[in-house]
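> I'd like to go over a predicted model; first the sequence, then the structure.
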Amino acid sequence: MSSTDSPSLLTPADELRIAGWHAHVYFDAHTLARARALCEAAAARFPLVMGRVHERPVGPHPDWSCQLSFGNDLVAGVIPWLALHRGGLTVFIHPNTGNALRDHRDHAIWMGAIRPLDLSGFKGFSDHDNLPQHP
Ligand code: ZN
């Protein structure tokens, strides 16, 4: 790499540590259609995986949610796209490093608002562990 190349935002060590990313789009009964349309548009625009549209809180998420799963190679595309298109919806973005507690608590990127997560399901993780990713 020459000195004129743009530096990567992730070091090689970080790229090894981060297996991928989740963006969880939050919504409620009033914003369900908007959230579904946003997630479907993201899945049409990027080669990411759109999860189920959960009309109830699941896992650590306090609100209804839909998960978008994508690799490091899409971060620079998906995150700005969500910033421009989220339409007022709250989006919770986190890396998957193998320590779900830290990923959700310490490594989170929030768009719109910070919502209180239920981290009790991650109590098997410590600040120092890198255990297999919580499902
Ligand atoms: Zn997630």
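Sure, I can see it. Note that the structure is a prediction, hence the values are computed from the model and not measured. Numbers count the residues shown, from 1 in each chain.
> going forward, measure contacts and count neighbours with C-alpha atoms only.
Fine.
> Who does residue 68 form a beta bridge with?
Beta-bridge pairing for residue 68 (DSSP bridges): residue 23, residue 50.
> residue boundaries of the helices in this structure?
Residue ranges of the helices in the chain, as given by DSSP state H, are 12-17, 32-45, 75-85, 100-105.
> Hmm, residue 71 is touching residue 23, no?
No. If you go by Cα atoms under 8 Å, residue 71 and residue 23 don't touch, sitting 11.1 Å apart.
> hmm, back to that, which one of the helices of the chain lies nearest to residue 112?
Closest approach to residue 112 among those (Cα to Cα): helix 75-85, 9.2 Å.
> which residues touch that closest one?
Residues outside helix 75-85 that contact it (Cα atoms under 8 Å, 6 or more residues apart in numbering): 21, 38, 42, 46, 111.
> And the pLDDT at the fourth one?
Looking at residue 46, its pLDDT stands at 98.
> State the number of residues packed around it.
Number of residues near residue 46 (other Cα atoms under 10 Å) recorded here: 14.
> pLDDT below threshold where in the protein?
Scanning the chain for pLDDT under 70 picks out the ranges 1-16, 128-135.
> sorry, back to before: with neighbour numbers in mind, choose between residue 71 and residue 23.
Using other Cα under 10 Å as the criterion, residue 71 and residue 23 rank with residue 23 on top: 25 against 18.
> My understanding was that the more buried one contacts residue 94; is that so?
Yes. Counting by Cα under 8 Å, residue 94 is a contact partner of residue 23 at 6.6 Å.
> Common neighbours of these two, please.
Counting by Cα under 8 Å, 6+ apart, nothing touches both residue 23 and residue 94.
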